[in-house]
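Visitor: Have a look at this fold, sequence not included:
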């Protein structure tokens, strides 16, 4: 808030950070590198004792009382933890009137020994607690089991649970190389090999299992891209698009910070300086969704695309007063408005040039202040405001 931001912003309470503090003694700093390093630390991934569970739930409760926008959950990074802990978290979220946003644990197809199937866990916890459960990036966590996962979530909705979901229009994901599901012994369960992992920012494609073990041991916080689905394979593209076309599925980027050559992850330079590395979804998600699903395939109308990219995400946050006037155009709504050229709007970010900005945005107003005018960035515009929850 002191520095200013061009867009509105907010934060969820961090389940992983709270567990890290209690189970691993890792103090929370908000530093991204520390967060990525925590993902490869096995200490916080275990199940909690009753006393530990109570302690980290209280940490989350404190963050929610301070205005956190729900709770972000990384079950996929602690896949052997006790499912009862997630139910306890669901009760806390229901009590506070906020959602959980979950990267689910392993699916039963990939790990028959999992304590509970990841997508089924979302459905069961929503039914048991009444909490709003948001299933994050269905495309990458479901891999080639998207259709089964979507059936599970659809059944949960039919039975009255509030289950929402999102996806991004890329076949690759991004994470820290120390993530438990990138263990060389686990990769074959997803039909993956080490050479489907590319390290950022070096660009190194991991050669083999030995190299993967070395990097995971020496630098588990290293950001990487994981090629889950083949974007050149029509069958894989169709699978990816089904996660986006599912009724009421939101478009969300799951964006990663840009890592610049000097190791920093923020810049106010425009045009962006060269050499930044990230996943192209960070810069291209929404324009890519408009290009592929409206202009090229005709799967969505423009109105439906705007509903998926703006209106539905705002409704996920409708427990926050500031979100209720966002995502739609109407008298009294916030003046957060994007004006697009439907003939030219497209992504330009690629895996080789991941920070290349999208084109076709003619004007962008944030709180009524121009951030893009006549297709050009207004570099000194910082009208972004914080969104905070008001827990029940």
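Guide: Sure thing, it's come through. Nothing here was measured: the structure is a model prediction, and the numbers come from that model.
Visitor: give me the number of residues near residue 191?
Guide: Using other Cβ atoms under 10 Å, residue 191 has 11 other residues around it. (Each C-beta comes from the backbone N, C-alpha and C, glycine too.)
Visitor: Hmm, residue 145 and it touching each other?
Guide: No - with contact defined as Cβ atoms under 8 Å, residue 191 does not count as touching residue 145 (11.0 Å).
Visitor: anything in contact with each of these two?
Guide: The contact sets of residue 191 and residue 145 do not overlap (Cβ atoms under 8 Å, 6 or more residues apart in numbering).
Visitor: Find the residue at the geometric middle of this structure.
Guide: Taking Cα atoms, centre = their mean, the centroid of the chain lies closest to residue 254, which sits 3.1 Å from it.
Visitor: Just to check, it is in contact with residue 168?
Guide: Yes - look at residue 254 against residue 168 with Cβ under 8 Å: they come within range, at 5.6 Å.
Visitor: Find residues that contact each of these two.
Guide: 137, 140, 281.
Visitor: and the host helix or strand of the second one, what other elements does it pack with?
Guide: Okay, so that is residue 140. Element membership for residue 140, per DSSP states H and E: helix 138-142. Counting contacts by 3 or more Cβ pairs under 8 Å, 6 or more residues apart in numbering; DSSP states H and E, helix 138-142 packs against helix 146-158, strand 163-167, helix 234-245.
Visitor: buried residues in the helix or strand of the chain with the lowest mean pLDDT?
Guide: Of all helical and strand segments in the chain, the minimum by mean pLDDT, DSSP states H and E falls on helix 32-39, at a mean of 81. By neighbour count on 16 or more other Cβ atoms under 10 Å, the buried set for helix 32-39 is 33, 35-39.
Visitor: As CSV, those residues with distance to residue 101 would be great.
Guide: Output for the buried residues of helix 32-39, formatted as CSV (distance: Cβ to Cβ, whole Å):
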residue, distance to residue 101
33, 22
35, 15
36, 18
37, 21
38, 17
39, 16
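Visitor: any idea which of these is the one closest to residue 13?
Guide: Closest to residue 13 out of those is residue 35 (13.3 Å), distances taken as Cβ to Cβ.
Visitor: Surely residue 176 and residue 222 touch.
Guide: Yes - applying Cβ under 8 Å as the test, residue 176 and residue 222 come out as touching, 6.6 Å apart.
Visitor: what's the overlap in contacts for these two?
Guide: The contact sets of residue 176 and residue 222 overlap at residue 36 (Cβ under 8 Å, 6+ apart).
Visitor: So which residues of the stretch 251-392 of the chain form strands?
Guide: Using DSSP state E, counting those that start in this stretch, the strands of the stretch 251-392 of the chain run over 337-340, 361-366, 369-373, 376-377.
Visitor: hang on, the earlier thing: which two among the buried residues of helix 32-39 are spaced furthest apart?
Guide: 33 and 39 (11.0 Å).
Visitor: shared neighbours of the two, anything?
Guide: Residues touching both residue 33 and residue 39 (Cβ under 8 Å, 6+ apart) are residue 221.
Visitor: ok, residue 267 touching residue 273?
Guide: Yes - counting by Cβ under 8 Å, residue 267 touches residue 273, with 6.3 Å between them.
Visitor: Quick check: neighbours shared by those two?
Guide: Residues touching both residue 267 and residue 273 (Cβ under 8 Å, 6+ apart): residue 260.
Visitor: need the contact list for residue 93.
Guide: With Cβ under 8 Å, 6+ apart, residue 93 has these contacts: 70-71, 99-100, 129, 131-132.
Visitor: how about a cut-off of 6 Å?
Guide: Contact partners of residue 93, counting by Cβ atoms under 6 Å, 6 or more residues apart in numbering, are 71, 100, 131.
Visitor: Need those in CSV (columns: neighbour count, secondary structure and distance to residue 299).
Guide: Below are the contacts of residue 93 laid out as CSV (neighbours: other Cβ atoms under 10 Å; DSSP: H, G, I helix; E, B strand; the rest coil; distance: Cβ to Cβ, whole Å):
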residue, neighbour count, secondary structure, distance to residue 299
71, 27, strand, 32
100, 28, strand, 29
131, 27, coil, 31
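Visitor: of those, closest to residue 181?
Guide: Distance to residue 181 across the contacts of residue 93 (Cβ to Cβ) is lowest for residue 100, with 19.7 Å.
Visitor: pLDDT score assigned to the closest one?
Guide: Model confidence at residue 100, given as pLDDT, is 98.
Visitor: distance of the residue nearest to residue 239 when sequence neighbours are not counted from residue 152?
Guide: Leaving aside its sequence neighbours, residue 239 sits nearest to residue 146 (Cβ to Cβ, 6 or more residues apart in numbering; 5.4 Å). The gap separating residue 146 from residue 152 is 11 Å, by Cβ to Cβ, to the nearest Å.
Visitor: Could you tell me how far the residue of the chain positioned farthest from its centre is located from residue 160?
Guide: Relative to the mean C-alpha coordinate of the chain, counting by Cα atoms, centre = their mean, the farthest residue is residue 331 (31.3 Å). Distance of residue 331 to residue 160, given as Cβ to Cβ: 33 Å.
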